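J.: how would this look folded up:
(2 chains)
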Amino acid sequence: MATAVKRKTIYEELREQGVTRREFLKIATAITMALGLKLKMVPTVVHAMETRPRLPVIWMDFQSCSGPTESFIRSYQPSMQKVLFDMISLEYNGALMAGSGTAAEEHILKIMNEYPGEYILAAEGSLPLLPGALTIAGRPAEETFREVAAKAKAVVAMGSCATWGGIPAAKPNPTLARAVTDFVPPGVPFIRIPGCPPIGEVMTNTLAHIVIFGTLPEVDELARPKAYYRHRLHDKCQRRPFFDAGLYAETFNDEGARQGYCLYKLGCRGPTTYNACAELRWNGGLSWPIQSGHPCIGCAAPNFWDEAPFYARVVQLPGAQTTINPERVGAVMAGALAAGIAVHAAATVIAKGRIAKKPDVKALKDIEIGQ
Amino acid sequence: MADERVVVDPITRIEGHLRIEAEVKDKTIQKAYSSGTAVRGIELIVRDRDPRDLWAYTQRICGVCTSVHALASVRAVEDALGIRIPHNAHLIRSIMDATVIVHDHVVHFYHLHSMDWVDVLAAAGADPNEAARIAQSYSRWPKSTAGYFKDIQDKIKKLVDSGQLGIFATGYWGHPAYKLPPEVNLIMVAHYLEALDWQKEIVRIHTIFGGRNPHPNYVVGGVPWPIDPNMDNALNTSRLTEVDRQIDMALEFVEQVYLPDVLTLAKYYRDWTFGGGLKNYLAYGDFSPTSIYDVDSYRFPRGVVLDFNLNEVHDVDPRDLAQIQEFVDHSWYTYDGKPGGIGKHPWEGETTIAYEGPKTFATLNVEGKYSWVKSPRWMEKPMEVGPLARLIVGYAKKNDRIREAVDRALKEIGVDITWMHSAIGRTLARAIDASLVAHFAREDMDQLFANIRSGNLATFDNSKWDPKTWPKEAKGVGWAEVPRGALGHWVIVKDGKVERFQAVVPTTWNASPRDHKDNVGAYEASLVGAPLEDPARPVEIIRIIHSFDPCMACAVHLTDLTDQRQYDVFLDM
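T.: Predicted coordinates for the structure are as follows:
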């Protein structure tokens, strides 16, 4: 029942909106760089934008706080105007779409029929197995999700609730919440974009990758795009030199805090969290949690809500940066390297003439600040 | 003719999952039912956690009004533990609250609400010259040229021609409820796009103070990042001037775009006075220049107005067990094993899930339980909270700034204060609210600079960070005025852990189902008497509901309970 819809390429649309060829090439170059690609890839990007129509996207929210949608519209590059009107066609989104009720639900069916295997299903929030805990249009949300996912080109799970279960699935998980990725039908590829919420640019540029290259981005063993989740925050943290030097903030307003020392003793999860905060930073590259003086709570990590208290030091400290397979290497080497780091840290403190009451092996124990 | 049951589910352009059912007769709504259709149980999840972590969990109640639950939670925990935060920390938190209020109101108007009043596709038929003339007649915003509006119009036309309308695909375009001339539609669409760009700017205030937005960081005892104008890694001058710049930009956008647009809209819809509903308004008040405990200094005053009687303001005490109570007679919970009949103050609250609906349904059984939202009441009376309530309470308290701002707007439209009791009045109240709050932020930022100048750099009180300094058991309450109204968090800390927690959230007040006395909540009351021209295209319902700015993730919550982990009890249906 597909109606004859004229499908225009991104280039055609931009041209029709008054964008000159020269401006178009500038946009393509900017997008190439935003995707972290080398400049020699510009022609590929240009070609893709000249030949592909806007990507249909159905965005469904489940047990969510709408944090991912809010973060999505914060994207600087590409901007939301570019995303919504040049790159994708956002066919369904609870926060932004015009129509409600029947109009909204019928439109999903229309898109499923017109673009089978071509649309992206973005999903935020977890799905509960407890009966009645989430109905949309009088139906269990999980049923609708399975149907829409079955005909999608791919499912992109936006945010930690959709990727791991997130806060609804934290103990005692009152609604039996699960990650949406648990409900994706076999054969449909999915991508996980964790974060509570994820960085806006990570979400928009993951879609941009699909639009421009026509392929899904390369992902790691947990289905996270490698472009954004390859490294631990700790490996790229601007406070890292202070960690290596054994210089820590002990509280939120001491001399160490003002100097910008490492927040490890305040519970920072940077050493165990894979995310792009240190690289892309937030809200146009302005800052990120650790820069702004607060320890990372590990919001992109699986199960992070049940690894609180957040202001206590983590038990395990994986080793130095690696690009091979961070998860596995980190796990294997954690013990040996962490011990090495503790010795190194203690040695630094002594070298600086400070009094370490006890050797800094305390850093390896799960103790609370102030004790 | 029997009443027709009209169902709108999902209500879109809101946060979360809301269902409205209305009984319609002769194209007029006779009765309405509001149902929150999703639940997560955050209040159960925070049990036994470290109270210093509480803000992080409760912040995830909502990512739209992000940060407000964190604010209420740190205030509640500090209240319980007897922590008094430094003045600078109070100012920074107030600026962050003002940021989310202004951001949220602008995004609500343009991106969530405007399409209830503005016919996007009709803008294609506008005369750009005339649009420029109209826009220039009510604002000095420098972009309002004919060429600019022509560009916007071309964008709309191309979008239509592409066959991929995206977010505009499902609108009710051409519905007779739309009353704006094409030129005004065009102006509003242009500002829809501008606001989309601008909204990512103002939140950079959160990025400075809290590291990111959405979900910036808070800390019990103050704010995380220390002030030091002479340090590279502290909250230094370059950071503070970014905040300063954003506040000025916000003032400019609100006073030259948002407020003038809403005033213009209000003139065209002046006679569409549906959507009033309850005439009871509640505000906890907030925005003291000094401390949350200095209630008399609040720039948004505290109080309750009943039945629109502006000559009397009742006092509100969040600690009084008899004043604020929640009822569950029509909510999917039980109290003490019974289906309802009693109210519980949040410090004594209980939640036991009791879903009794079917797996799928065409209509709700509204005689029984029909929502995941509870029914909060003040002295057993339903209340409206939000920007309108803040202004009505302030107006009744004869607050000069509020009176001046409201009277000026009403004079321009040519109506009196009772007109505010409507959907369009609520929408105007939100714009006035944003303007006031942007000025509060300006004042607080100036005070912050003054404090630093005088050598006061304190941002954090460490004296009660260590759990060994805490009492064995303590209870606290944190309140705040946030985008959608009066927010309260109640906490009991015992043996260093969260023993009980409960949030009573603005949308819980407004979206609540009927209570033990069969009194309806604000949404349900507001729809009664409103017209519904075409049940298949329920613009009127959506317009009225959106005027409240629903936030369902906020509204639906589970209270703590002493021992309610037997989830199997409700799995057997």
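
J.: alpha carbons only for contacts and neighbour counts from here, please
T.: Fine.

J.: so who does B:Val304 touch?
T.: When contacts are counted by CA atoms under 8 Å, 6 or more residues apart in numbering or on different chains, B:Val304 touches B:Asn280, B:Tyr281, B:Leu282, B:Ala283, B:Val313, B:His314, B:Asp315, B:Val316, B:Val393.

J.: surely the fourth one meets B:Arg390?
T.: Yes. B:Ala283 sits in contact with B:Arg390 when judged by CA atoms under 8 Å, with a separation of 5.6 Å.

J.: mutual contacts of those two, please.
T.: Overlap of the contact sets of B:Ala283 and B:Arg390 (by CA under 8 Å, 6+ apart) consists of B:Pro301, B:Gly485.

J.: helix or strand right after the helix or strand where B:Gln246 lies?
T.: Per DSSP states H and E: B:Gln246 is located in helix B:237-253. Helices and strands here follow DSSP H and E; after helix B:237-253, the next one along the chain is helix B:259-268.

J.: ranges for the strands of chain B?
T.: With DSSP state E as the criterion, chain B has strands at B:4-8, B:18-25, B:28-36, B:281-283, B:303-305, B:324-327, B:333-334, B:352-353, B:375-378, B:473-482, B:485-494, B:497-504.

J.: off-centre distance for the fifth one?
T.: Meaning strand B:303-305. Relative to its chain's centre, strand B:303-305 lies at 18 Å (CA atoms, centre = their mean, to the nearest Å).

J.: per-residue pLDDT, whichever residue of the stretch 151-300 of chain B sits closest to chain A?
T.: Nearest residue of the stretch 151-300 of chain B to chain A: B:Gly211, at 3.8 Å (CA to the nearest CA). pLDDT for B:Gly211: 98.

J.: so who does the nearest residue to it once chain neighbours are set aside touch?
T.: Excluding its sequence neighbours, the residue lying closest to B:Gly211 (CA to CA, 6 or more residues apart in numbering or on different chains) is A:Pro289, at 3.8 Å. Contact analysis of A:Pro289 by CA under 8 Å, 6+ apart lists A:Pro295, A:Cys296, B:Thr207, B:Gly210, B:Gly211, B:Arg212, B:Pro216, B:Asn217.

J.: quick one: the fourth one and B:Val243, what's the gap?
T.: Relative to B:Val243, B:Gly210 is positioned 12 Å away (CA to CA, to the nearest Å).

J.: also the first one?
T.: Note on A:Pro295: its distance to B:Val243, by CA to CA, is 22 Å.

J.: and the strands of chain B, which one's lowest on average pLDDT?
T.: Among those, strand B:352-353 carries the lowest mean pLDDT (a mean of 82).

J.: quick one: buried ones out of the contacts of B:Val304?
T.: Neighbour-count burial (16 or more other CA atoms under 10 Å in any protein chain shown) is assigned, among these, to B:Asn280, B:Tyr281, B:Leu282, B:Ala283, B:Val313, B:Val316, B:Val393.

J.: quick check: the first one touching B:Gly303?
T.: No. The criterion here is CA under 8 Å, and B:Asn280 misses it with B:Gly303 at 10.8 Å.

J.: ok so, going back, can I get the contacts of B:Val304 in JSON lines with distance to B:His113?
T.: Listed next are the contacts of B:Val304 as JSON lines, based on distance: CA to CA, whole Å:
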{"residue": "B:Asn280", "distance to B:His113": "24"}
{"residue": "B:Tyr281", "distance to B:His113": "22"}
{"residue": "B:Leu282", "distance to B:His113": "23"}
{"residue": "B:Ala283", "distance to B:His113": "23"}
{"residue": "B:Val313", "distance to B:His113": "31"}
{"residue": "B:His314", "distance to B:His113": "32"}
{"residue": "B:Asp315", "distance to B:His113": "32"}
{"residue": "B:Val316", "distance to B:His113": "31"}
{"residue": "B:Val393", "distance to B:His113": "24"}
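
J.: which one of those is nearest B:Ser238?
T.: The shortest approach to B:Ser238 among the contacts of B:Val304 belongs to B:Ala283, at 36.4 Å (CA to CA).

J.: does chain A sit close to the helix or strand of chain B with the lowest mean pLDDT?
T.: Using mean pLDDT, DSSP states H and E, strand B:352-353 stands out as the lowest-scoring helix or strand of chain B, at a mean of 82. No. Taking CA under 8 Å from any CA of the partner chain as the criterion, strand B:352-353 and chain A are apart, separated by no less than 9.3 Å.

J.: confidence score at residue 81?
T.: Answering for chain A, as no chain was given. We have a pLDDT of 92 for A:Gln81.

J.: if you could check chain B rather than the one you did, that'd help
T.: The model reports B:Leu81 with a pLDDT of 98.

J.: B:Trp419: which of the contacts of A:Pro289 is nearest?
T.: B:Trp419 has its nearest neighbour among these in B:Pro216, at 37.8 Å by CA to CA.

J.: low-confidence ranges in the chain?
T.: No chain specified, so I'll use chain A. Low-confidence segments of chain A (pLDDT under 70): A:1-8, A:33-38, A:44, A:47-52, A:314-371.

J.: nope, chain B
T.: B:1-2, B:557-573.

J.: same thing but at 90, please
T.: B:1-3, B:41, B:43-44, B:65, B:158-164, B:349-354, B:356-357, B:553-573 (pLDDT under 90).

J.: for stretch B:127-138, which positions count as buried?
T.: Residues of stretch B:127-138 classed as buried: B:Asp127, B:Pro128, B:Asn129, B:Glu130, B:Ala131, B:Ala132, B:Ile134, B:Ala135 (neighbour count, 16+ other CA under 10 Å).

J.: returning to that earlier point: tell me the one of the contacts of A:Pro289 nearest B:Val77?
T.: Nearest to B:Val77, judged by CA to CA, of those is B:Asn217 at 15.6 Å.

J.: check whether stretch B:240-257 comes near chain A.
T.: No. Taking CA under 8 Å from any CA as the criterion, stretch B:240-257 and chain A are apart, separated by no less than 9.8 Å.

J.: contacting residues around that stretch?
T.: Residues external to stretch B:240-257 that are found in contact with it (CA under 8 Å, 6+ apart): B:102, B:106, B:139-141, B:191, B:201-202, B:204-205, B:208, B:431, B:434-435, B:438-439, B:441-442, B:445.

J.: buried subset of the residues you listed as a PyMOL selection?
T.: Buried residues among those (16+ other CA under 10 Å), as a PyMOL selection:
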select buried, chain B and resi 102+106+191+201+202+204+205+208+431+434+435+438+439+441+442+445
